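In: Model the structure of this input:
(chains A and B)
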Amino acid sequence: MSANLLAIFYLISGVLFILALRGLSSPETSRRGNLFGVLGMVIAITVTFLSIGNFSTVFIYVLILLLLGGSIGALIAYKIPMTAMPELVAGFHSLVGLAAVFVAISAFLNPEAFNLGSPGDIKLSSLIEMSIGAAVGAITFSGSIIAFLKLRGIMSGSPIIFRGQHYINLLLGLSIIVLIFYLCTTQTDSFFWRIITISFLLGILLIIPIGGADMPVVISMLNSYSGWAAAGIGFTLENSALIITGALVGSSGAILSYIMCKGMNRSFFNVILGGFGGSTANKKDAEKKPVKSGNAEDAAFLMKNASSVIIVPGYGMAVAQAQHALREMVDTLKKNDIKISYAVHPVAGRMPGHMNVLLAEANVPYDEVFELDEINNDFSNTDVAFVIGANDVTNPVAKTDPQSPIYGMPILDVEKCKSVLFVKRSLSPGYAGIDNELFYRENTLMLFADAKKMTEDIIKSLNS
Amino acid sequence: MEIDPFIFRLSIFILSIFVGYYVVWSVTPSLHTPLMSVTNAISSVIIVGAIIAGLSGDIKSIFNLSNMFGFIAIFLAAINIFGGFLVTQRMLQMYKKKKKNK
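Out: Numbers count the residues shown, from 1 in each chain, chains lettered A, B, ... in the order given. Got it, this is the predicted structure:
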């Protein structure tokens, strides 16, 4: 196959990847979009095989590896529970990062295979591109591993902070640039290995100071990095499919990070530098304020007599796996002609769109689920808000107290409802480490229990 | 005067960033999780580099370090491609509209 024809096929698969993302603009077109993506991938892989035309025994090995990896991937995709989606995505990011590093290493060791020159005499531009690809890939890999461990709960979600942390990171970042410069002037392998090692270290150090609930930003950022790494390799391999994809993924991740930061009213650097929330927050506010607490019967009574209810899910719902029970409760309420909608805050959960996936899993139609801007005006003419597993995103302090760390964060105005039902295990503050003023309001009824248990009890009372 | 092929690729890159920017802003927020998993799957197109590395040379050269790294990268990227697309499809299947007569 001629090089020109090959380039055209890569361009086609690049365009198909664009269409795959484009399809996600609505759930109806999304499934077709995903098929475009698959098609693009099949084209890219097939033409690569044809262009090399090496169908010797090696080809069989490659095919076996492809199928082996593929079956493992397929198995994971079918077995993974939806609540584990954030760590799955983090894990997948780490694989892309590592694959980028390995491709860069093979290109460095055997530049002839890629037409990049010969060992010790690699084209300058290729050398720069492959070192950038390898460095970003390595950062993506180790950073995603840390994110995975934190999301999985193997590592504590609270930030790990030590003095001079940011200077060390800065120093490591600068040393990578210096090493790339030396690599280009001397073409010595040892510099290449050092670049990769330092990048692995930098990836770890960048993510450890960031706390658990800031993970939506971290995952989006690592998504973006994996794209830039792919683009770096794409430049090395002179492959337009890879360049297009890298740019798409890179900008996609960057936009998601931006949306997540805006959802918390914090700057990107504030999140990345870390140290927010977790154990550092102090709880000196020890004065006992009166709290109204109720049980499942009270909640069932309130909702049964309401004409409209808005459900506000949060990370706690994911932890308790309460989405199915929640939908069952909603079905019972609907039988009594009660209008139900769901309100999802942009940063609810541990990754962008986390709540939407869980609700979809529980068969909640997506046109009953609303974003913050769409639904926030409806709270004032709603009877009951049912807050399940969310906390900071409903705290009115964000609007009233300029001293508060979450001041200015857009919140769901649940306090405007006639009554608020708040399912929570205890009065402990949320991630931001601040007390939620909502707990002490006249119209709030606290339901102290596990989210799933409480929801099931409410269903029982509704049916009795 | 001839244009360096690098400049040509850079143009593709820059324009794709803009395409990505507008396409991703049009993605509905409720599909942000599938967006992440599908971008993950498509970035595994890096497998083409791994295939080139793995298939270079003949049967005698497959134990070269370069080929070995290529092989591992094929394996890693394959997990991602299949896993990424399938999990995206599985998620997208779950998004359903309200049934009309209810």
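
In: can the strand or helix carrying B:Leu35 be found next to chain A?
Out: Using DSSP states H and E, the element containing B:Leu35 is helix B:32-43. Yes. Part of helix B:32-43 sits near chain A under the criterion CB under 8 Å from any CB of the partner chain, namely B:32-43. In short, each C-beta sits where N, CA and C put it, glycine included.

In: how many other residues sit next to the closest residue to A:Pro119 other than its chain neighbours?
Out: The shortest distance from A:Pro119 to any non-neighbouring residue, by CB to CB, 6 or more residues apart in numbering or on different chains, is to A:Pro111 (6.3 Å). The tally of other residues near A:Pro111 (other CB atoms under 10 Å in any protein chain shown) stands at 22.

In: Run through the residues that contact A:Pro111.
Out: By CB atoms under 8 Å, 6 or more residues apart in numbering or on different chains, the contact set of A:Pro111 is A:117-119, A:122, A:126.

In: where's the nearest residue to A:Met446 once chain neighbours are set aside relative to A:Pro313, distance?
Out: Leaving out its chain neighbours, the residue that sits closest to A:Met446 by CB to CB, 6+ apart is A:Ser293, at 4.4 Å. Distance of A:Ser293 to A:Pro313, given as CB to CB, to the nearest Å: 21 Å.

In: the more surrounded of those two?
Out: A direct count of neighbours by other CB under 10 Å for A:Ser293 and A:Pro313 places A:Pro313 higher, at 29 against 14.

In: confidence score at the closest residue to that one other than its chain neighbours?
Out: Closest residue to A:Pro313 apart from its sequence neighbours, by CB to CB, 6+ apart: A:Met355 at 5.0 Å. Note on A:Met355: pLDDT of 92.

In: top helix in chain B by residue count?
Out: Scanning chain B for the longest helix, with DSSP state H as the assignment, gives helix B:65-94.

In: Give the other helices and strands that it contacts.
Out: helix A:27-52, helix A:57-79, helix A:85-109, helix A:354-361, helix B:32-43, helix B:47-55 (3 or more CB pairs under 8 Å, 6 or more residues apart in numbering or on different chains; DSSP states H and E).

In: how does it look with 10 Å?
Out: helix A:3-23, helix A:27-52, helix A:57-79, helix A:85-109, helix A:354-361, helix B:32-43, helix B:47-55 (3 or more CB pairs under 10 Å, 6 or more residues apart in numbering or on different chains; DSSP states H and E).

In: most neighbours per residue, which of the ones you listed?
Out: helix B:32-43 (a mean of 30; mean count of other CB atoms under 10 Å in any protein chain shown).

In: Tell me how far that helix lies from the chain's centre.
Out: 8 Å (CA atoms, centre = their mean, to the nearest Å).

In: Just the angle for that helix relative to helix A:57-79, thanks.
Out: Per axes from the mean of the first three to the mean of the last three CA atoms, to 10 degrees, the angle that helix B:32-43 makes with helix A:57-79 is 170 degrees.

In: Using CSV, list the CA coordinates for helix B:32-43.
Out: Coordinates of each C-alpha in helix B:32-43 appear next as CSV, following Å, rounded to 0.1, in the frame of the first residue of the first chain:
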residue,chain,number,x,y,z
HIS,B,32,-19.6,13.0,30.3
THR,B,33,-18.7,9.6,31.7
PRO,B,34,-19.2,7.8,28.4
LEU,B,35,-17.2,10.7,26.8
MET,B,36,-14.3,9.8,29.1
SER,B,37,-14.4,6.1,28.3
VAL,B,38,-14.7,6.6,24.6
THR,B,39,-11.9,9.1,24.4
ASN,B,40,-9.9,6.5,26.3
ALA,B,41,-10.7,3.9,23.8
ILE,B,42,-9.8,6.1,20.8
SER,B,43,-6.6,7.3,22.2
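
In: The helix or strand harbouring A:Ile272 packs against which elements?
Out: A:Ile272 belongs to helix A:268-273 when assigned by DSSP H and E. Here helix A:268-273 touches helix A:165-186, helix A:189-207, helix A:215-237, helix A:240-264, going by 3+ CB pairs under 10 Å, 6+ apart.

In: closest one to chain B among the ones you listed?
Out: For chain B, the closest of these is helix A:240-264, at 3.5 Å, according to CB to the nearest CB.

In: picking that back up, let's test this: mean pLDDT of the helix holding B:Leu35, rounded?
Out: For helix B:32-43, the mean confidence score works out to 93.

In: For B:Val87, which non-adjacent residue is closest in space?
Out: Using CB to CB, 6+ apart, the closest residue to B:Val87 is A:Ala77 (4.0 Å).

In: One more: A:Pro216?
Out: A:Met260 (4.4 Å).

In: Could you pull up the contacting residues of the one you found?
Out: For A:Met260, the contact set (CB atoms under 10 Å, 6 or more residues apart in numbering or on different chains) comprises A:214-221, A:266, A:268, A:271, A:346-347, A:351-352, B:32.

In: Check what pLDDT A:Ile208 gets.
Out: pLDDT at A:Ile208 comes out at 89.

In: Pretty sure it sits against A:Gly157.
Out: No. A:Ile208 is beyond contact range of A:Gly157, at 11.0 Å (criterion: CB atoms under 10 Å).

In: what residues are shared contacts of these two?
Out: Common contacts of A:Ile208 and A:Gly157 (CB under 10 Å, 6+ apart): A:149-150.

In: does A:Leu326 really touch A:Pro313, like I thought?
Out: Yes. With contacts counted by CB under 10 Å, A:Leu326 reaches A:Pro313, the gap being 7.2 Å.

In: Identify the contacts common to those two.
Out: A:342, A:358-359, A:364, A:386, A:388-389, A:451.

In: now, which of these lie close to chain B?
Out: Contacts with chain B within the shared contacts of A:Leu326 and A:Pro313, counted by CB under 10 Å from any CB of the partner chain: A:358-359, A:364.

In: any idea how far the spatially closest residue to A:Ser307 that is not a sequence neighbour is from A:Leu445?
Out: Nearest non-adjacent residue to A:Ser307, counting by CB to CB, 6+ apart: A:Asp383, 5.8 Å away. Look at A:Asp383 and A:Leu445: by CB to CB, they are 13 Å apart.

In: so what's in contact with those two at the same time?
Out: Residues within reach of A:Asp383 and of A:Leu445 at once, by CB under 10 Å, 6+ apart, are A:302, A:419.

In: Work out for me the element A:Val319 sits within.
Out: helix A:315-320.

In: how about the residues of the stretch 301-450 of chain A that lie near chain B?
Out: So the stretch 301-450 of chain A meets chain B at A:334, A:344, A:346, A:349, A:351-374 (CB under 10 Å from any CB).

In: Sort out which of those residues are buried, if you could.
Out: A:344, A:346, A:349, A:351-362, A:364-366, A:368-370, A:372 (16 or more other CB atoms under 10 Å in any protein chain shown).

In: so what pLDDT did residue 95 get?
Out: Here I'm looking at chain A. On the pLDDT scale, A:Leu95 gets 95.

In: sorry, should have said chain B
Out: At B:Tyr95, the model reports a pLDDT of 89.

In: what's around it, how many residues?
Out: 25.

In: again with A:Gln321
Out: 16.

In: List the contacts of it.
Out: A:81-83, A:358, A:362, A:450-452.
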